[in-house]
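Student: Okay, sequence plus prediction incoming.
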Amino acid sequence: MKFWLTVMLTVFACLAGAEESAQPVLSLHAHTEAQARASLVTVELLVFNRGGQALDYAPATELAGTLRAGPRAWVVTLHPANPVNTTAIQAGQFASIPYSFTLPGDAAGRVLLEVAGIPALQVAVDIRQDEAPQGNSTGSLMAAMKQQEENAPPAMSRIERAFSNRFGFHEPIYFLYGEKAPAVKFQFSFKYRLLGEDSKFGALIPPFRGFYFSYTQRSLWDIDASSSPFYDTSYMPELFFEWLAPQNNAKKSGFRWLGMQTGMQHESNGKDGTDSRGLNTAYLRAAMTFGQLDGWQLQLIPRVFTYIGTSSNNADIARYRGYGELRLAVGRNESVQLAISPRIGTDRRNASIQVDLTQPVRIPLINLETYLQLQYFSGYGESLLTYDRKSTVWRLGMAFVR
């Protein structure tokens with residue numbers, strides 16, 4: 001396992017090239033229902049902001065597309081279904097922009113749509129074998145649009161609910177490997193906004209749009225042992241309120257207040273008996289930065305919390321985790337970043353520190369963009385199971401969200 005991990009990281013590093021700026025990721029979504037020949041079809045351009053800051057995206061006034069069915073091909077032009085406006089996309093979130101085009105009158109069955117500027121992606125459109133709308137008049141076009149609107153399911157609303165306005169990243173996402181057992185450490189995390197942009201209650205009281213549910217899972221995996229068992233896993237659902245401060249004039253240097261979060265988190269390892277661990281906390285986390293939002297900066301993210309219930313098997317966890325932690329990160333967006341996260345327990349001897357060094361990389365051969373991550377941890381509580389035992393470990397791997 002160690003040999004292949006070394007080979008993988010070596011090849012990964014050789015193929016990778018650092019990126020100075022994160023461009024949005026574009027993808028297409030088409031309705032699953034079959035469409036009439038020569039009818040107006042709407043597809044959704046999904047724009048994902050993978051960067052660390054909000055993005056103002058200006059949709060193109062037209063997109064060049066090609067429909068393919070076997071050896072046949074038709075050139076089509078896609079136009080925005082709604083007036084073209086610049087769309088603000090928060091970090092880690094999606095925006096959905098509808099584009100329309102007219103199907104060829106002589107096409108039938110399944111055709112594949114390719115759009116210039118969105119590489120290596122095709123969406124399928126099924127065309128019914130019925131008669132095409134007669135004539136080319138405006139009345140026929142309007143009738144086709146009306147028919148499509150009446151027949152179309154609420155797929156667009158589902159896409160917006162699930163992606164563009166609701167889901168986002170929460171904590172870092174990574175997969176790391178080290179020399180000491182348990183060798184592998186990985187984490188994934190997401191958040192879901194409870195009230196969307198179209199919520200009447202959210203529209204009446206806009207701050208309530210900041211309520212989220214989130215889920216984070218962090219696991220230690222003894223992958224080199226016989227049968228490769230999981231050593232311990234922390235399951236961390238949360239309910240919290242998030243308020244982000246609007247940021248203008250990103251090139252201006254100085255102090256910036258980025259926002260805050262406050263909420264409640266449950267953490268447990270899912271075990272029973274003497275190995276059972278669990279706690280509930282209420283917390284407040286703030287974020288601020290010094291420097292330029294689109295350049296070099298220092299981030300300060302303090303978090304304070306209090307325990308509102310612990311398992312009898314870890315009743316003294318405050319001695320090792322304390323009541324607060326701090327994250328300091330210095331770096332540049334889409335460039336190298338060094339993050340240090342210290343904390344200290346109520347027993348002053350029980351301190352911990354985690355250091356993360358990340359560097360964006362890109363592998364053009366497979367169009368993959370991610371981060372190389374080196375992590376050092378020393379102290380107590382990397383595992384909830386052994387929260388009262390000290391450990392020191394280095395790990396190397398990939399981060400998808402840092």
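Tutor: Arrived safely. Numbers count the residues shown, from 1 in each chain.

Student: which strands and helices sit next to whichever strand or helix holds Tyr231?
Tutor: In this assignment (DSSP states H and E), Tyr231 forms part of strand 230-244. Contacts defined by 3 or more CB pairs under 8 Å, 6 or more residues apart in numbering; DSSP states H and E place strand 230-244 against strand 211-221, strand 255-268. Placement of C-beta: from N, CA and C, glycine included.

Student: Ok, which of those strands comes nearest Ala399?
Tutor: Set against Ala399 and scored by CB to CB, the helices and strands packed on strand 230-244 come closest in strand 211-221, at 13.3 Å.

Student: buried ones in that closest one?
Tutor: Phe211, Tyr212, Ser214, Thr216, Arg218, Ser219, Leu220, Trp221 (16 or more other CB atoms under 10 Å).

Student: Repeat that for stretch 383-391.
Tutor: Going by neighbour count (16+ other CB under 10 Å), the buried part of stretch 383-391 is Ser383, Leu384, Leu385, Tyr387, Ser391.

Student: and the second one, that's in a helix?
Tutor: No. Checked against DSSP: H, G, I helix; E, B strand; the rest coil, Leu384 lies outside a helix; its state is coil.

Student: from what I can see it touches Ser276, true?
Tutor: No. With contacts defined as CB atoms under 8 Å, Leu384 does not count as touching Ser276, sitting 9.9 Å away.

Student: where does the stretch 251-400 of the chain have low pLDDT?
Tutor: 251-252 (pLDDT under 70).

Student: now the strands for it?
Tutor: Applying DSSP state E, counting those that start in this stretch to the stretch 251-400 of the chain gives strands spanning 255-268, 278-291, 296-310, 324-332, 337-344, 351-363, 368-380, 390-401.

Student: Distance to Thr61 added to those, as a markdown table?
Tutor: Formatted as a markdown table, these follow (distance: least, CB to CB, whole Å):
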| stretch | distance to Thr61 |
| --- | --- |
| strand 255-268 | 34 |
| strand 278-291 | 35 |
| strand 296-310 | 35 |
| strand 324-332 | 33 |
| strand 337-344 | 37 |
| strand 351-363 | 29 |
| strand 368-380 | 28 |
| strand 390-401 | 32 |
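
Student: ok now do Ala287, which residues does it touch?
Tutor: Taking CB atoms under 8 Å, 6 or more residues apart in numbering as the contact definition, Ala287 lies against Trp257, Leu258, Gly259, Met260, Gln299, Leu300, Ile301.

Student: Now list the buried members of the residues you listed.
Tutor: Among those, the ones that count as buried (16+ other CB under 10 Å) are Leu258, Met260, Gln299, Ile301.

Student: If anything else comes up later, I'll come back, but that's it for now.
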